[in-house]
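Participant: Here is my input; please provide its structure:
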Amino acid sequence: MKLTILGCHSATPRTNTNPTSQVLEIKNHTFLIDCGEGTQVELRRNKVKFVRIKHIFISHLHGDHYFGLVGLISTFRLLTREADLHIYAPKGLKDIITLQMKLSESWTNYKLIFHELTSHTSELIFEDDKVEVYTIPLDHHIYTNGFLFKEKKGERKLDMNAVLNADIDIAYYRKLKQGFDVEDNNGNLVKNDTVTKPPNKPKSYAYCSDTAYNEALIPVIKDADILYHESTFLEKNEKLTIPTKHSTAKQAASIAKQANVKTLILGHYSTRYNDLNLFKEEASEIFEHVELAKDGKTFEF
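Facilitator: I've put the predicted structure just below:
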C-alpha cells in the first residue's frame, strides 16, 4: 500500500503549497482522494499515470477539495480517455460538473459515473474481490465524509517444500490457497495448515479531512494501520476550531490514540503557520507515532 501526498494545505494554493489531494495505491488500484486546485499538475510531477485513475473520492464540496476536478476530467477527455471514471462524492457535484461541461460544450468521450453520497452513517461504497471502501461521516459545516480503505483477507500461501514433500497434485494448489484440506497422490488427507502459510494481514487506511473533533468516528476507524487526520490549527489557536469546524494537532492525536491506529499522519495545515514541526511536537505529546504530510511525500506501509 502506497500513499502519495499531492497537496496537504487548507484554503488556497500558494507558490509552494497545494490544497488537498492524495493518491492511494492499493491492491492494483490507483485511487484519487480529493482533487484540490492544481491536482493534475501534481499528478504529473509525481509521475502518477492518469490512465490508472478509475475511481475518485471527494470528501465534500468546499473548493479546496474539488476545484481541480473539472480540469482533470477535461484533460482526460483531451487525452482521448476511453475507460469509465467513477466519482464518489456528495450529492450536488454531479450537477456542478454537468453544468460546466454543458456550458462549455465539452462532454466527455468516456463514461462518467457519479455515485452520490447522502448517508450520515458509515456505508460501503466500493467493493471488489480485494478492496472495500467505506465512508467515515465527519463533522464540518457542510455534508462531509472521510473514507476508509480496507484490504480484504488474501489467500493462503503455499509452502512449496511442504507441498512437494506431501506429494500433492498441482491440480489441488488452488484449493490449498483457498484454505481447503486436500488428498495427496496416495489418497491420504493432507491438513491445509501443514502445507500452507497464513496470508499477509490486511491493511487499512483511514482518511479524515475537514472535521471538528469528533469521537463518533472512532469505531469506524478502529485499529487502522494509517490515519490521516486534519490538523488545521495548533493548540494556541484552538478557539478557531469552533467557528471553522476544524481540528488541532492535539485533537487529531487524541482521536488516533483512542482508535488505536498504528500511525497518524497530520495534514490540512492552515497557511498561517511557517513551522510545521510544531504540529508534530504537539501531537506527539498525546500519540507516539506521528508523521507530517508534505506535498510530494510518499508513505509505504
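Participant: and T108, what does it touch?
Facilitator: 73, 76-77, 81, 85, 101 (C-beta atoms under 8 Å, 6 or more residues apart in numbering). No exception for glycine: its C-beta is placed from N, CA and C like everyone else's.
Participant: what pLDDT, on average, does stretch 10-18 get?
Facilitator: The pLDDT scores in stretch 10-18 average 90.
Participant: and if you look at stretch 124-132?
Facilitator: 97.
Participant: What does the pLDDT read for the closest residue in space to E183 that isn't next to it in sequence?
Facilitator: Of all residues not flanking E183 in the chain, L189 sits nearest, at 5.8 Å (C-beta to C-beta, 6 or more residues apart in numbering). Looking at L189, its pLDDT reads 95.
Participant: Give me the phi and psi for H229.
Facilitator: Main-chain torsions, H229, degrees, to the nearest 10: phi -130, psi 130.
Participant: give me the beta-bridge partners of it?
Facilitator: C208, L266 (DSSP bridges).
Participant: And the pLDDT at the most far-flung residue of the chain relative to its centre?
Facilitator: What lies farthest from the middle of the chain is N186; by C-alpha atoms, centre = their mean that is 48.9 Å. N186 is assigned 91 on the pLDDT scale.
Participant: same thing with the one 10 residues further on?
Facilitator: Note on T196: pLDDT of 95.
Participant: ok, K111 - contacts?
Facilitator: K111 touches 84-85, counting by C-beta under 8 Å, 6+ apart.
Participant: how about a cut-off of 6 Å?
Facilitator: D84 (C-beta atoms under 6 Å, 6 or more residues apart in numbering).
Participant: How about I255?
Facilitator: H229.
Participant: Give me the secondary structure label for it.
Facilitator: Following DSSP: H, G, I helix; E, B strand; the rest coil, we place I255 in the helix state.
Participant: on that earlier part again, gap between the spatially closest residue to the residue farthest from the centre of the chain that is not a sequence neighbour and R174?
Facilitator: Nearest residue to N186 in three dimensions, chain neighbours excluded: D167, at 6.9 Å (C-beta to C-beta, 6+ apart). Going from D167 to R174 by C-beta to C-beta, to the nearest Å gives 17 Å.
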